[in-house]
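[1] Attaching a predicted model along with its sequence, questions to come.
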Amino acid sequence: MPSVIRRMEVKVKPNVMIRLRGERMVLSCYPMPSPADREFLVLSPGGSSPRLRNGGCCGLLDFVMRSFDWILLVCCVLCCGCKEPVRTYRIAADPEAPAVSAQIPDEKQEKAAVTWQAMPGWTQESAGQFLTAAYTINGLGRLTVSKLAGDGGGLAANVNRWRGQVQLEPLPEDQVQGQAMPVTGSTHEFLLFNLTKKSPATDEEGIFAAVLPLERETWYFKLTGNAVTLQEKGAEAFTSFLSTVRVGGDAAPVAPEPPQPAKPKIHVTSPEGWIAAEPGTMRVASYTVKGAAGETADVSVIPLPGNSGSILENVNRWRGQVQLPPLSKADDPALGSEMEGEAGRWFVTHMVSNEAILDGKKVAISAAILKAGGMTWFFKMTGDAVVVGEHRAAFLEFVRSATLP
């Protein structure tokens, strides 16, 4: 019986790589001048003669077969002219390139169905061949959604590939640890990664990424844009979008709802000294609050359609933003409290980071949630802990006085 190789990666020389996934073997030769300049060699399971597809002088040799014995593998290596020692390691599959597909039974696909809702003002693009969805977010960047069979090549390999895209050094595998964020209404969790430099140049790019591992596939949500802009307002937009993601149930294969044509309205009166700012695509109101020493905090008013997650899920999302551990119970006193307002009954919460996480200082969040009229309203003040503390009373009055049309 021939030996069957199920999963391996072999670099046979600087520009030649062999990757084997189950019944599929890919021999990659680089550099490739263009995606069209590829050469495919297909060897059938029955041992028939190889046949070429998409002629080119360098590129990708794609071997498809039911089983692969060591003799055939050695012949492939010898044909490549390898004289260097063989080194093996894992390679990240590119979520924006063809994946080695695993056959998932229909029942499994139904259980793993993933859906989401684009934010108001986002422009949906043509996803193309290798993406499930893509959106342009004016003033922020581009968000893509993709999926791969299995683990997509491994978490560390994918994260380090993204780090390379924004000129960050790769990390050892044991140091690749994302921030957990629960998927609304599910036992699954995202792993979040902030791939921006601490002090990026004005023209540098950054990436916010979320990885959602499921039983038979892995989903990737990736926001790419100017690193400075992402640091200022990317986390809010990205995590708000992720809060709309749903897994399982009777959901059909991905079919994002179209953006709403107009933003919902709420009447607010800003306290004295708050500086109004351009709301952007997701916000209906935005303010900058300054402290005595020049530190600032950001105030946002964001409506999201529907339920948009439980109180516990949203509070834990914000706790993650200030690097606090999640709470496990919906009746935990640390969660927050209710407050009556002109628009209805609000849930209000306040949290402060344990460590200095922004320019050597602690960060605080004061937030309020109102569910009314088929919408969930989020009022949130984020920034220097001292400034947030100084303006907390004004923030609560700002929330209390808000009225719906």
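    Okay, I see it. Numbers count the residues shown, from 1 in each chain.
[2] hey, let's count contacts and neighbours off CA atoms from now on
    OK.
[3] check which helix or strand covers residue 339.
    Element membership of residue 339, judged by DSSP states H and E, is strand 337-341.
[4] Also residue 228?
    In this structure, residue 228 sits in helix 227-229 according to DSSP H and E.
[5] Tell me the first helix or strand C-terminal of that helix.
    Under the assignment DSSP H and E, the closest C-terminal helix or strand after helix 227-229 is helix 235-242.
[6] picking that back up, same question for the strand holding residue 339: list its buried residues.
    Buried residues in strand 337-341, defined by neighbour count with 16 or more other Cα atoms under 10 Å: residue 341.
[7] any idea of the mean pLDDT for that strand?
    Over the span of strand 337-341, the pLDDT mean works out to 96.
[8] Next: stretch 302-313.
    Stretch 302-313 shows an average pLDDT of 85 in the prediction.
[9] Keeping just the C-alphas, turn that stretch into CSV.
    Included here for stretch 302-313 are C-alpha records, laid out as CSV according to Å, rounded to 0.1, in the frame of the first residue of the first chain:
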residue,chain,number,x,y,z
ILE,A,302,-24.8,55.4,16.8
PRO,A,303,-28.1,53.6,15.8
LEU,A,304,-28.0,50.0,14.8
PRO,A,305,-31.0,48.1,13.4
GLY,A,306,-32.8,45.5,15.5
ASN,A,307,-31.7,44.0,18.8
SER,A,308,-27.9,44.4,18.1
GLY,A,309,-26.8,42.1,20.8
SER,A,310,-27.6,41.7,24.5
ILE,A,311,-26.4,44.1,27.2
LEU,A,312,-23.9,41.6,28.4
GLU,A,313,-22.4,41.1,24.9
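[10] which residues sit against it?
    Surrounding stretch 302-313, the residues in contact under the criterion Cα atoms under 8 Å, 6 or more residues apart in numbering are 119, 182, 184-185, 243-244, 263-264, 282-285, 327, 329-330, 335, 347, 369, 371, 374-379.
[11] Would you mind writing the PyMOL command to select the buried ones in these?
    The following PyMOL line selects those of the contacts of stretch 302-313 that are buried, judged by 16+ other Cα under 10 Å:
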select buried, resi 119+182+184+243+244+263+264+282+283+284+285+327+335+347+369+371+376+377+378+379
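[12] Next step: the contacts of stretch 302-313 restricted to strands.
    Using DSSP state E, the subset of the contacts of stretch 302-313 located in strands is 182, 285, 347, 369, 371, 375-379.
[13] what are the ranges of the helices in the stretch 101-250 of the chain?
    In the stretch 101-250 of the chain, the segments counted as helices under DSSP state H, counting those that start in this stretch are 106-111, 155-165, 227-229, 235-242.
[14] how about TSV for the ones you listed, with mean neighbour count, distance to residue 219 and mean pLDDT added?
    TSV is the format used below for the helices of the stretch 101-250 of the chain (neighbours: other Cα atoms under 10 Å; distance: least, Cα to Cα, whole Å; pLDDT from 0 to 100):
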stretch	mean neighbour count	distance to residue 219	mean pLDDT
helix 106-111	13	13	41
helix 155-165	19	11	92
helix 227-229	21	23	88
helix 235-242	19	12	86
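[15] JSON lines please, covering those helices and showing distance to residue 355.
    Rendered in JSON lines, the data for the helices of the stretch 101-250 of the chain read as follows (distance: least, Cα to Cα, whole Å):
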{"stretch": "helix 106-111", "distance to residue 355": "40"}
{"stretch": "helix 155-165", "distance to residue 355": "25"}
{"stretch": "helix 227-229", "distance to residue 355": "22"}
{"stretch": "helix 235-242", "distance to residue 355": "19"}
